[in-house]
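[1] okay, sequence plus prediction incoming.
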Amino acid sequence: MSTFAEFGLEPDVLQAISEMGFEEATPIQAKAIPVAIAGRDMIGQAQTGTGKTAAFGIPLITKIAASEDRIVALIMAPTRELAIQVSEEIEKLGRFKGLRSLAIYGGQDISRQIRSLRRKPQIIIGTPGRLLDHINRKTIRLDDVRSVVLDEADEMLDMGFMEDIQSILKLVPEERQTLLFSATMPANIQKLAQQFLRNPEHVKVESKLLSAPLIQQYYVEIQERMKFDGLCRLLDMEPPELAIIFGRTKRRVAELSEALMKRGYACDGLHGDLSQNQRDTVMRKFRDGSIDILVATDVAARGLDVSGVTHVINFDLPQDPESYVHRIGRTGRAGKEGTSWSFVTARETDHLHFIEKVTRHRISKKVLPTLSEAMEGKQKLMAERIMDTVRSEEEVNPFKWVAMQLLEQYDSVQLLAAAMKLLTGDKKDVNIELTPEDPIRSKKRKFEGNRGGSGSYGSSSGRRYGGSGSSSGGQGGAWRQGQGRSGDSRGGSSYSGGQRKPYSGGNRSSSTRDDSSYRDANRGPRPERREEYRGSRSQNEDFVKI
Ligand SMILES: Nc1ncnc2c1ncn2[C@@H]1O[C@H](COP(=O)(O)OP(=O)(O)OP(=O)(O)O)[C@@H](O)[C@H]1O
Ligand SMILES: [Mg+2]
């Protein structure tokens with residue numbers, strides 16, 4: 001167990017960390033912070049949701065003085081949402097030092113960014129494409145940069161950013177520190193590391209499990225045409241505080257989110273066909289609790305950190321085990337528990353077993369709740385909502401007069417039952433039609449043939465994240481946050497409109513990947529390489545988040 005004070009951090013930084021509610025360093029932070037503070041180049045790998053951002057953020061801000069008026073640190077991230085999210089974390093960490101940081105990403109008005117650059121930020125967090133634009137326009141100069149971070153490096157390369165990243169790194173003085181975080185270590189990442197990192201220390205938090213241990217993983221076997229009703233039952237039986245539902249395609253996500261809205265769920269969709277503005281709005285609604293269900297493509301699978309996501313549902317299975325790990329990693333973060341459900345059609349069971357094998361985790365089979373269990377769940381929730389409201393005299397008072405009049409005419413049980421029926425907003429009669437998706441075909445054979453089954457990922461000698469030798473023991477480790485975010489249970493708050501507070505109070509945004517528009521908006525079309533990569537990628541690499 002490491003407290004942050006043990007790293008010899010300055011008081012301003014310690015204060016920021018403590019205000020963020022972090023009490024102890026996570027395992028990756030405990031390993032990475034001393035290495036990075038010592039000035040070494042580093043390659044970092046650890047499971048989803050274990051605080052990699054602060055693992056590079058803390059050393060980074062430690063090395064910058066508020067008096068500096070040049071760009072001295074550069075962080076690259078694959079997507080706009082992730083750039084925003086990382087910049088918000090950096091902002092918080094550097095607040096008491098008075099550091100200035102700025103997120104630079106495509107889809108946002110460039111002249112606005114140029115104006116913000118006049119504030120002389122020391123730290124720039126950007127997507128490679130837009131960064132390069134600024135560099136070419138000479139609105140960003142990298143001559144004074146001495147720290148570079150590549151976050152989600154494998155994802156950036158997958159998205160076709162290799163050349164951009166190389167061009168940018170060539171412009172940064174060689175006398176610098178480079179930190180590279182990547183879920184996987186395929187050949188192209190190794191090449192990049194060889195080219196641009198100097199004698200890097202490989203900092204890895206190993207675990208037998210590839211996915212975070214605090215996620216209960218379930219699957220249900222279901223026919224394609226039954227998925228939607230199955231989903232509604234699941235949501236009714238076990239109402240999530242916040243849920244992310246993953247669909248395979250943009251069309252799927254659009255149809256599904258619309259269908260759920262029609263059935264009365266507070267949800268919205270996120271995919272690459274939306275404008276940056278629309279995407280921001282959806283993410284804001286999800287973060288402030290005005291919707292509790294986000295339906296998304298893999299655009300939201302990486303890096304997204306929204307406090308209070310209790311459920312991830314794979315409405316469609318992902319193609320890769322790797323995507324599976326990233327998707328479910330949107331819950332069970334920062335020492336909290338989470339639940340994931342995956343819908344599997346009969347023809348996809350092989351693929352599910354393949355995912356189990358690669359992630360080395362058994363996914364438990366469950367049956368869908370029956371209609372009456374779903375109904376019960378819904379009614380229980382309604383009862384909770386009513387009880388919450390009953391306690392608030394002010395809210396109830398204006399209705400008392402009508403209530404008394406009604407009670408003179410009708411039986412009280414009858415009346416309350418009628419009110420509950422209305423509240424449950426049952427819209428089962430709304431006709432829903434989703435375009436069926438083809439089943440995923442497993443790439444199992446190809447994968448096995450190439451890997452030779454040696455299992456280079458996650459050696460079993462590693463300590464399990466969460467349990468890991470911390471004296472206070474407990475699942476999830478002792479590094480759970482002390483304030484603000486622990487113990488947030490359902491308590492009806494998800495229905496009370498914005499009561500739920502992300503501990504940060506800010507509008508952090510999300511990571512994004514999708515099939516089309518994840519390149520910066522003003523760049524050329526992305527090379528259509530995803531499937532190629534997908535096919536070959538998992539074969540020779542040190543797999544997934546460990
Ligand atoms: N030491 C800590 N104690 C408690 N919470 C922490 C600590 N460090 C980070 N967190 C919180 O944990 C959450 C996850 O952190 P972060 O997004 O950096 O994870 P990550 O490892 O980058 O995940 P991903 O692989 O999904 O990108 C954030 O909300 C962050 O504020
Ligand atoms: Mg991250």
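    Arrived safely. Numbers count the residues shown, from 1 in each chain. Ligands and ions are numbered 1, 2, ... in the order given.

[2] check which element follows the longest helix along the chain along the chain.
    If you go by DSSP state H, the chain has its longest helix at helix 371-390. Downstream of helix 371-390, the first helix or strand assigned by DSSP states H and E is helix 393-409.

[3] export that next one as CSV, just CAs?
    What follows is helix 393-409, C-alpha atoms only, in CSV (Å, rounded to 0.1, in the frame of the first residue of the first chain):
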residue,chain,number,x,y,z
GLU,A,393,-43.6,17.8,2.6
GLU,A,394,-43.0,20.6,0.2
GLU,A,395,-43.2,18.6,-2.9
VAL,A,396,-46.3,16.8,-1.8
ASN,A,397,-48.3,19.7,-0.3
PRO,A,398,-49.7,21.1,-3.5
PHE,A,399,-51.3,17.8,-4.4
LYS,A,400,-52.9,17.2,-1.1
TRP,A,401,-56.1,18.9,-1.8
VAL,A,402,-56.8,16.8,-4.9
ALA,A,403,-55.7,13.7,-3.1
MET,A,404,-58.3,14.3,-0.4
GLN,A,405,-61.1,14.8,-2.9
LEU,A,406,-60.1,11.6,-4.7
LEU,A,407,-60.0,9.7,-1.4
GLU,A,408,-63.6,10.7,-0.7
GLN,A,409,-64.7,8.9,-3.8
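
[4] quick one: mean pLDDT over it.
    In this model, helix 393-409 carries a mean pLDDT of 89.

[5] stretch 137-146 too?
    96.

[6] now that stretch: buried residues?
    Ile140, Leu142, Val145, Arg146 (16 or more other C-beta atoms under 10 Å). To be clear about C-beta, it is placed using only N, CA and C from the backbone, and glycine gets the same treatment.

[7] can you tell me what sits against it?
    63, 70-74, 104, 110, 113-114, 117, 124, 131, 134-135, 168, 171-173, 175-177 (C-beta atoms under 8 Å, 6 or more residues apart in numbering).

[8] among those, which lie within strands?
    By the criterion of DSSP state E, membership of the contacts of stretch 137-146 in strands covers Ala73, Leu74, Ile104, Ile124, Gln177.

[9] now, the most widely separated pair of these?
    Greatest spatial distance among those (C-beta to C-beta): Ile104 and Gln177, at 20.5 Å.

[10] all strands for the stretch 51-200 of the chain, in order.
    With DSSP state E, counting those that start in this stretch applied, the stretch 51-200 of the chain shows strands at 73-76, 101-104, 123-126, 147-150, 177-181, listed in chain order.

[11] quick one: neighbours of the closest residue to ligand 1 within the stretch 301-450 of the chain, just the number.
    Among the residues of the stretch 301-450 of the chain, Ala334 lies closest to ligand 1, at 3.2 Å counting by C-beta to the nearest ligand atom. Neighbourhood size, Ala334 [other C-beta atoms under 10 Å]: 22.

[12] Val390 too?
    By other C-beta under 10 Å, neighbour count at Val390 equals 10.

[13] gap between the closest residue to it other than its chain neighbours and Leu352?
    Closest residue to Val390 apart from its sequence neighbours, by C-beta to C-beta, 6 or more residues apart in numbering: Val396 at 6.6 Å. Between Val396 and Leu352 the computed distance is 49 Å (C-beta to C-beta, to the nearest Å).

[14] of the two, which one has the most company?
    Leu352 (21 against 12).
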